[in-house]
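**Q** What shape does this take:
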Amino acid sequence: MLTGSPTAGLGPQWEALRQELLRHPEILEVTASGQTPLQINTNTVGAQAEGESEGRALPFMRVDYDFFATYDIPVLAGRGFSDEFPADRLREHDDGEQPGDYSFVLNKLAAEQYGWTPEQAIGKSLSAFFSNRGHAGKVVGVVDNSYFESVHSSIKPMLFFMPEHIIDGTAALPQASLRLSGNDLQDTLTYIDRVWQQFMPDFPMARNFLDDTFDALYQMETRQARIFNAFALLAIFIACMGLYGLASFNAERRRKEIGVRKVMGGSVWSIVLLLTNDFSRLVLISNLIAWPIAWYAMSRWLENFAYRIDLTPLIFIGSGLIALCIAWVTVGGTAAKAASAKPVLALRYE
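**A** Purely as a prediction, here's the structure:
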């Protein structure tokens, strides 16, 4: 993503710059927009559909040709904006003139709010009010819902329109987005830098990758995951050490009992089961205590996300089985060692 001037935007030479960028074989798509998808969008517009007595506030995004192709947003019905249709570009006029019908694109959620399916929305009349001016237009396309923010927030209904690059002396489309193949990335970036310097020598380029922006959205969750994983491993290690100590103490305390059982024909496996049963009960009791606490803590954490998994009993049962297996491995090794010892060593002093 490239950022142009806040006042001049990407400049009057944008189309020439765009075509020059597309000459590189590793640059697949190029588009412009008022903001990139993961920037905070507080823009809303009053939009009134045909047959409605009053409009509703819709979040909107200013875009240019090939925006949906660049961000790989599927068009569910109709079409995206195209230079084959001059009415697609909304033009502002100081005298408030409305030269004709404009074109709008909705996402699926916005169409549903008007009670339309994607197919039904095509051709519907819509009046939107930008800069205190009403603009009558028609819905020419419906695109799939896309995450334009973190999953902490729910997907919003969205209206897309294509304005001139400069509106009332302000840049309407200051952001350029490029979709790259990823092959020979360094050469591609060098080419982009050179083309930018050629067309916009007086304005330094601010460049960033969408992947980095995605990562920044979830840095807190990533750090929390690392901390929780580290503490979980530490807790498992301490628990295993504690279990090993208790198992060793228990085996030593019941040393003579183990010797008698072996003399009476007890197998190593039966003695291992005898020693592990006590610890199995303790692990099960600790799980029953931990499950409600874990459920409450996870439920509160998941409330921070608009889209989240459901906590099911299988998650807790699975974690309990894992804890039980860890306890069996830890205790079983010590029990097997004690059960394999010669019984005469335990009984010689009796």
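**Q** what about the residue nearest to the spatial centre of the chain, distance to residue 248?
**A** Centrality entry for the chain: nearest residue to the mean C-alpha point is residue 151, 5.8 Å, by CA atoms, centre = their mean. From residue 151 across to residue 248, the span is 48 Å (CB to CB, to the nearest Å). All C-beta spots, glycine's among them, are computed from the backbone N, C-alpha and C.
**Q** where does the stretch 51-200 of the chain have low pLDDT?
**A** Scanning the stretch 51-200 of the chain for pLDDT under 70 picks out the ranges 91-101, 130-133, 165-171.
**Q** where do the helices sit along it?
**A** Ranges of helices within the stretch 51-200 of the chain are 67-70, 108-113, 118-121, 185-199, based on DSSP state H, counting those that start in this stretch.
**Q** could I get the ones you listed as a markdown table with mean neighbour count and distance to residue 231?
**A** Shown next, in a markdown table, are these (neighbours: other CB atoms under 10 Å; distance: least, CB to CB, whole Å):
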| stretch | mean neighbour count | distance to residue 231 |
| --- | --- | --- |
| helix 67-70 | 20 | 42 |
| helix 108-113 | 20 | 39 |
| helix 118-121 | 18 | 47 |
| helix 185-199 | 14 | 37 |
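**Q** Need the single longest strand in the chain, by residues.
**A** Counting residues, the longest strand found in the chain (DSSP state E) is strand 133-143.
**Q** Show me what it packs onto, helices and strands only.
**A** strand 75-78, strand 102-107, helix 108-113, helix 118-121, strand 125-130 (3 or more CB pairs under 8 Å, 6 or more residues apart in numbering; DSSP states H and E).
**Q** Could you rerun that using 6 Å?
**A** Strand 133-143 sits against strand 75-78, strand 102-107, helix 118-121, strand 125-130, with contacts defined as 3 or more CB pairs under 6 Å, 6 or more residues apart in numbering; DSSP states H and E.
**Q** Run the angle between the second one and strand 133-143 for me.
**A** Strand 102-107 and strand 133-143 meet at an angle of 50 degrees, taking axes from the mean of the first three to the mean of the last three CA atoms, to 10 degrees as the criterion.
**Q** Name the strands paired with strand 102-107 and say parallel or antiparallel.
**A** Sheet pairing of strand 102-107 (DSSP bridges) gives strand 133-143 (parallel), strand 159-163 (antiparallel).
**Q** so which of these comes closest to residue 223?
**A** With CB to CB, the closest approach to residue 223 among those belongs to strand 133-143: 33.8 Å.
**Q** tell me the mean pLDDT for stretch 321-341?
**A** Computed over stretch 321-341, the mean pLDDT rounds to 76.
**Q** hmm, back to that, can you say which of the helices and strands packed on strand 133-143 is nearest to residue 17?
**A** Between the helices and strands packed on strand 133-143, strand 102-107 lies closest to residue 17; by CB to CB that is 23.9 Å.
**Q** In that closest one, which residues are buried?
**A** 102, 103, 104, 105, 106, 107 (16 or more other CB atoms under 10 Å).
**Q** and what of stretch 31-47?
**A** Those would be 31, 32, 33, 34, 35, 36, 37, 38, 41, 45, 47, for stretch 31-47 by 16+ other CB under 10 Å.
**Q** end-to-end on that stretch?
**A** 25 Å (CA to CA, to the nearest Å).
**Q** How about residues contacting it?
**A** Residues outside stretch 31-47 that contact it (CB atoms under 6 Å, 6 or more residues apart in numbering) are 1, 10, 55, 57-60, 62-64, 66-67, 70, 126, 128-129, 148, 159, 172-173, 175-177, 213.
**Q** which ones are touching residue 324?
**A** residue 283.
**Q** For it, what are phi and psi?
**A** phi -70, psi -40 (degrees, to the nearest 10).
**Q** mind starting the numbering at 363 from now?
**A** Got it, the first residue is 363 from now on, which makes the last one we talked about residue 686.
**Q** Distance to residue 413 for the helices of the stretch 413-562 of the chain - can I get that in a markdown table?
**A** Formatted as a markdown table, the helices of the stretch 413-562 of the chain follow (distance: least, CB to CB, whole Å):
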| stretch | distance to residue 413 |
| --- | --- |
| helix 429-432 | 27 |
| helix 470-475 | 14 |
| helix 480-483 | 12 |
| helix 547-561 | 46 |
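**Q** so which of these comes closest to residue 496?
**A** So among the helices of the stretch 413-562 of the chain, helix 470-475 is nearest, using CB to CB, at 18.5 Å.
**Q** Mind giving me the packing neighbours of that closest one?
**A** Contact partners of helix 470-475 among helices and strands, from 3+ CB pairs under 6 Å, 6+ apart: none.
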